[in-house]
Structures are given as structure tokens and as C-alpha cells.
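Peer 1: Pasted the sequence and its predicted model underneath.
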2 protein chains.
Amino acid sequence: MTTTVNRKANFSDKLINIIQKKNSCVVVGLDPYFDLIPDTIKQNFLKLHDNVFKYAANVILEFNKEIIDSLEHLIGIVKLQIAFYELYGWQGIWAYTETIHYAKQKGLIVIGDVKRGDVPSTATAYANAHIGKVLINNYSATAFQSDAITVNPLLGTDSMLPFIKNAETYDKGIFILTKTSNPSSVEFQDILCGSKKLHRIIAEKIHEWGSQLIGTHGYSSIGAVVGATYPEDISALRKIMPNAYLLIPGYGTQGATAEDLKNCFNPDGYGAIINASRSVLYAYTNQSWKDKYGTHTWKEAAQNAVIKMNEDLNKFMSAGNL
Amino acid sequence: MTTTVNRKANFSDKLINIIQKKNSCVVVGLDPYFDLIPDTIKQNFLKLHDNVFKYAANVILEFNKEIIDSLEHLIGIVKLQIAFYELYGWQGIWAYTETIHYAKQKGLIVIGDVKRGDVPSTATAYANAHIGKVLINNYSATAFQSDAITVNPLLGTDSMLPFIKNAETYDKGIFILTKTSNPSSVEFQDILCGSKKLHRIIAEKIHEWGSQLIGTHGYSSIGAVVGATYPEDISALRKIMPNAYLLIPGYGTQGATAEDLKNCFNPDGYGAIINASRSVLYAYTNQSWKDKYGTHTWKEAAQNAVIKMNEDLNKFMSAGNL
């Protein structure tokens, strides 16, 4: 693709570099479902009945560290769904913070799946919290070290500008909700506005917002979230936003297959990262796996799920030659 | 208004009870802008250069407590914009948690302005975090004690149901973004879908979602966020959602006046709560106030701002007789 904008290395270049290095476009979603975390992890911690959140946060952090250690040679990107940390109060957010720190130390790219969006003054606070800095008595500090976050565009351009500005200033990325993977996404996102579905109009805006932030590989730091569960929309959205990196949830537990994903990718073999969470983290809870290998092989089960996913997806990537 | 639903006391009844008790429909937004917090508060805490977030969180919590102590006789409702706490990391979320706890101890109703919204499994985690409970090894715990939260409806009905369910189960409330106060809200929220603006269609859904959750005063526990800055939309939305309590931001710093707000209220004098944040908390930084009274009178400045606001708004409330 051609553009007249001066290109400089940005978040999408970091993404492509790690995809090439790891030969994987998989994003592992670190979404702690406490009940599904292996007992062998939980046994390491005292059940603090006077502080259950501290106990839960310690268990979650340890699980995340062991998952990261098990998968870091197979993947380059992790995504943390912050809802599953907020569930454990400020102690959960401590585990969120420490998990990001650990993943960054391992050289992974970290996406905070926070879906924030608010009026400009508030959006600025969110942007500075998640992909920026805050000044306290002239001392600059970072709340969360995430490389990118997901955001919700319902409030329009002025609500997105603080995130776009921080993406530019700090070499960070954002992924803007465009067409989500849930069944009810048809309700408002597919509503016809004149001759176009709302999510197509949002996609046109994302293309516009990103057009000034194109990196050396031709991709913008302003990406989009597009659910794998609507393959027919993916093709249209790919064309509307050729420079946008697509973050695709819905593979695995939500039912989409690799075949549904072929249209996420550009002819260069890039342009999409594919998320799986529960189907990787808790692969060991599948009856067939448990029967064959037992529950103590939870790391191997997760590795096995990622290896299969990489194989599934690499055929699309290797078709291109960026 | 008439309805065939069996009415039982719900969140909107709690809201009306406290509005009657305090004779105020004002919501004070506890949005910490660190630079605007009086020096007299900051001087009480050691500047921890190795832990600036702990320092900031302590300052913010102390400021919030003193503001709550100063205003609790004048108002019944506070709203915490969580972005301004996330900005200070998990320590900021600690201050958020403790502020909610303090406000609840004082008998205030607390709204968490979190604007969450996600696919059903994630929305369930958010709902349980903010207006519900979580089970950890069969031990039930509460992350945040807020009475109500704001939510973003872009993902549709299935993404709202976990919040609606928790509102019913735990006597909590939600306020769904309908028409926000920022200039760019026209972009997607006012887009024409057939003959209707999108926000009118969202409002029809809110009316539908709330119709089974009507309290003893005729109001639903499913409310709506409608910006004070669009008075012509307020009138239409009031009629589409007669049972919804409206949370109205935009008064004060964002420019709306009491006159803009008269159509928020139903003929019974209820149905709307009006938020002001910076114009109350930092009223002492106005040049005219500083010149006349100095900066040490920051509590009196905040009280004065709320007293004026109550006077402004009570003429609409007293017109009704629920």
C-alpha cells in the first residue's frame, strides 16, 4: 500500500517484529478464572480468610507467571482482560500490574483489554494511566506498562484523541472496538445508518484516525477489534481499514475456526493477531486431555493448544512476504 | 405512570429516599485532580519518591474524606470517576475502594462511574466486581461496594444482561450511556438509523430493559446517562424513558445551567440526579473566590457551590409532589 505520510517506527512495527521473531500471530489472553486455576498453584498459598483478595491475587499472579514461562517461546503477545482482575479489588489490580511487568521483562508485547472510553478530560486520565505517564509533583510515573489497550468509540472522535495522542507520543497502540464477537453485537453495531452498518462507519473513522500514524511496515498504531465470529464482516472491514492491525477475539471457546480467519490477513500475510484465552489457559480441563494425561500436565496442555493454533494460522501468514 | 409489574423496593427507591432526606438531587463527583488538591492536605503526607503512587493515593483519600465530611449534610449522592484513580495504579484503586467505604459509612449513595461494557463472560466479571460478589473457594467477597455504576451499551443486550441481573439480585442500579455530554457525542450517538438517532434507539432499549425492574415510586433500577449539554435531546429522552432515573453530567465546568436541566425531571419532581465535579471540589481555585477569601477556605468554597446548586435545582424538584 502507498502513503505520502513520513513513516517512522511505531507500535505496529514492534508487533510485526515479534510476530516474525516468534513466527506466531497468536495472542494469549491471560484471563484468570479462579476456579479453573490448577490446584497445584493454589496449594502454594495460605488461604487467608481475613484477606481473600490477597490470596486470590497471589494465586493469579503465580499462575500467570508459570503460563508465561511455559508459552514465551511459542508466542510474542499476551492480552490481559482487566475485568478478571477488577473482580479481586485493588489486590487484583496489583496482580494485573505485576503480570504486565513480568511479561514485559520476558520481552512480550502486552495488550491491556480495558475497553475504556469517556469524555475528553476523563479519556485523558485513562490514556495516561494505561498507555502514558502521570506527573505527581513534577515526578513522572507509569501506572500500567501495557504496550497497547482496547478502547470503545461510542463517544466519538474527541473521546479517542487522548488515546491516539498517547499512541503517537509514547509509541503505544490502541485497538478500537469495531465489530465485537458476541451475538448481540448485531443490535447496535450492525444497525443501518443510511446504507451502511454502524460498524462500517466506525471502521472508516478508524482508517482516518490512523492515516497519520503509519509505521515502516505500512501499518498504523491505531488498530481495530473485530470478532472472529462474523467472517463476512471481517472481509469488508479488512478492505475499509487496510492499514489497521486487527485484534481478533472469538477463536477457540467462542467457536470460530482458522478458516473463519483467513480474511483477517492482508496479502502481505500480516495485519491480524488472533486471541485465545480459556481454550489455551485451561486446555487441561478438557475431558479428553484429562482422561489421557491427567490434570498435572496443565502446562503441556496449554503449550499443545498454542502449537496447534500457530500451525492453524501460520498458513495464512506464510502466504504473504512482507 | 402505570405498570402491571409487581413493584418492590429497589435502587431507585433508595435514591428517592435520600433525595427527600437531604432535599438535594445533586451528585458530587469525587474526581481527584492531583494538582488542584489543596496544599494543606498534601503537607500531611511525606513525599515518597520511591513510591509516588502511595503518596498520591494517601493524599487523594484524605482529600475525599474531608470533602465528604464537609458536604454530607448537603448531599446524598457521590460519584467516583474511576479513571482518576486508575491514573495512580493499584494504589489509586485502593484509594477508590477506601473512598467508597468511607462514603457508605456516612450513609451516602455511591455511583462508580466506570463506563464498563464487554462480551457476556467479561461483563459478568465487571458486574460482579462493581455491583455484586465473587466466590473464592466458596467464600463470598465484595471488590467494590458501589451502589450503582455507569455502563456502555455498544455491545448490545447480552452485554448488559449481567449488569441488569446484578441490579435485580443485589438491589443495585446501573446508568447506561445514552447521550453523552461531549461535543463529539453527535458523531455516532446522533447518527440517523432510519428516521431515528442512535441514542433514541438505545433509549428505547433502556426503557424495555428496565420495565421489569420498577420500584415502589415508579422508577426503574436501570437508569440512563444523558448530558446536560444537549437540552433538546433531554426532553425527547425523558419521554422515551419515563421510568428511568437520569444521571446528568455536564453542569458547571462543562457549561450547562439549571435552565438547561428543567426537562430532565418528570412532573412528579423526580427522575434526575445532577452531577458536578470540578466546579464543586475546586471552587476555591476560582480567581474571584481566592481574591475574596483565600485558598484556606476550600471547604467553604465547595459548600457554597453545592448550596447554590441545590437552590438552582430544588425549584424543579419542589414543583412536583411524588
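Peer 2: On my side now, so go ahead. Numbers count the residues shown, from 1 in each chain, chains lettered A, B, ... in the order given.
Peer 1: Going by C-alpha atoms from here, please, whenever you check contacts or count neighbours.
Peer 2: OK.
Peer 1: Which strands and helices lie in contact with the host helix or strand of A:Lys205?
Peer 2: Taking DSSP states H and E as the definition, A:Lys205 sits inside helix A:198-210. In terms of contacts (3 or more C-alpha pairs under 8 Å, 6 or more residues apart in numbering or on different chains; DSSP states H and E), helix A:198-210 is packed against strand A:173-179, helix A:185-189, strand A:222-226, helix A:231-240.
Peer 1: Please identify which of those is closest to chain B.
Peer 2: helix A:185-189 (5.0 Å; C-alpha to the nearest C-alpha).
Peer 1: Show me the helices in the stretch 201-322 of chain A, by range?
Peer 2: Under the criterion DSSP state H, counting those that start in this stretch, the stretch 201-322 of chain A contains helices at A:231-240, A:278-281, A:287-293, A:298-317.
Peer 1: what's the most buried one of those helices?
Peer 2: The highest mean neighbour count among the helices of the stretch 201-322 of chain A, using mean count of other C-alpha atoms under 10 Å in any protein chain shown, belongs to helix A:278-281: a mean of 22.
Peer 1: could you pull out the strands for chain A?
Peer 2: Using DSSP state E, the strands found in chain A span residues A:26-29, A:77-81, A:109-116, A:134-136, A:139-141, A:148-151, A:173-179, A:192-193, A:196-197, A:222-226, A:246-248, A:272-276.
Peer 1: Can I get those strands in a markdown table including distance to chain B, mean pLDDT and mean neighbour count?
Peer 2: Shown next, in a markdown table, are those (distance: least, C-alpha to the nearest C-alpha, whole Å; pLDDT from 0 to 100; neighbours: other C-alpha atoms under 10 Å in any protein chain shown):
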| stretch | distance to chain B | mean pLDDT | mean neighbour count |
| --- | --- | --- | --- |
| strand A:26-29 | 12 | 98 | 25 |
| strand A:77-81 | 8 | 98 | 24 |
| strand A:109-116 | 7 | 98 | 24 |
| strand A:134-136 | 7 | 95 | 17 |
| strand A:139-141 | 8 | 94 | 13 |
| strand A:148-151 | 11 | 98 | 26 |
| strand A:173-179 | 9 | 98 | 27 |
| strand A:192-193 | 4 | 96 | 19 |
| strand A:196-197 | 9 | 98 | 14 |
| strand A:222-226 | 12 | 98 | 28 |
| strand A:246-248 | 13 | 97 | 26 |
| strand A:272-276 | 14 | 96 | 25 |
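Peer 1: JSON lines for these, including distance to A:Lys14?
Peer 2: Formatted as JSON lines, the strands of chain A follow (distance: least, C-alpha to C-alpha, whole Å):
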{"stretch": "strand A:26-29", "distance to A:Lys14": "14"}
{"stretch": "strand A:77-81", "distance to A:Lys14": "11"}
{"stretch": "strand A:109-116", "distance to A:Lys14": "8"}
{"stretch": "strand A:134-136", "distance to A:Lys14": "24"}
{"stretch": "strand A:139-141", "distance to A:Lys14": "23"}
{"stretch": "strand A:148-151", "distance to A:Lys14": "11"}
{"stretch": "strand A:173-179", "distance to A:Lys14": "10"}
{"stretch": "strand A:192-193", "distance to A:Lys14": "36"}
{"stretch": "strand A:196-197", "distance to A:Lys14": "32"}
{"stretch": "strand A:222-226", "distance to A:Lys14": "13"}
{"stretch": "strand A:246-248", "distance to A:Lys14": "15"}
{"stretch": "strand A:272-276", "distance to A:Lys14": "13"}
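Peer 1: between the ones you listed, which one is nearest to B:Tyr270?
Peer 2: The closest of the strands of chain A to B:Tyr270 is strand A:109-116. By C-alpha to C-alpha, the value is 30.7 Å.
Peer 1: Can I get that closest one in PDB? Just the C-alpha atoms.
Peer 2: Provided in PDB are the C-alpha atoms of strand A:109-116 (Å, rounded to 0.1, in the frame of the first residue of the first chain):
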ATOM      1  CA  ILE A 109       4.100  -7.300  24.000                       C
ATOM      2  CA  VAL A 110       1.300  -6.700  26.400                       C
ATOM      3  CA  ILE A 111      -2.200  -5.600  25.400                       C
ATOM      4  CA  GLY A 112      -4.500  -4.300  28.200                       C
ATOM      5  CA  ASP A 113      -8.000  -5.300  27.300                       C
ATOM      6  CA  VAL A 114      -9.700  -2.400  29.100                       C
ATOM      7  CA  LYS A 115     -12.300  -1.200  26.600                       C
ATOM      8  CA  ARG A 116     -12.200   2.300  28.100                       C
END
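Peer 1: any chance of the helices and strands packed on helix A:198-210 in CSV, plus distance to A:Ser277?
Peer 2: CSV is the format used below for those (distance: least, C-alpha to C-alpha, whole Å):
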stretch, distance to A:Ser277
strand A:173-179, 17
helix A:185-189, 20
strand A:222-226, 15
helix A:231-240, 20
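Peer 1: B:Gln189: which of these is closest?
Peer 2: That would be, of the helices and strands packed on helix A:198-210 and by C-alpha to C-alpha, helix A:185-189, which comes in at 10.5 Å.
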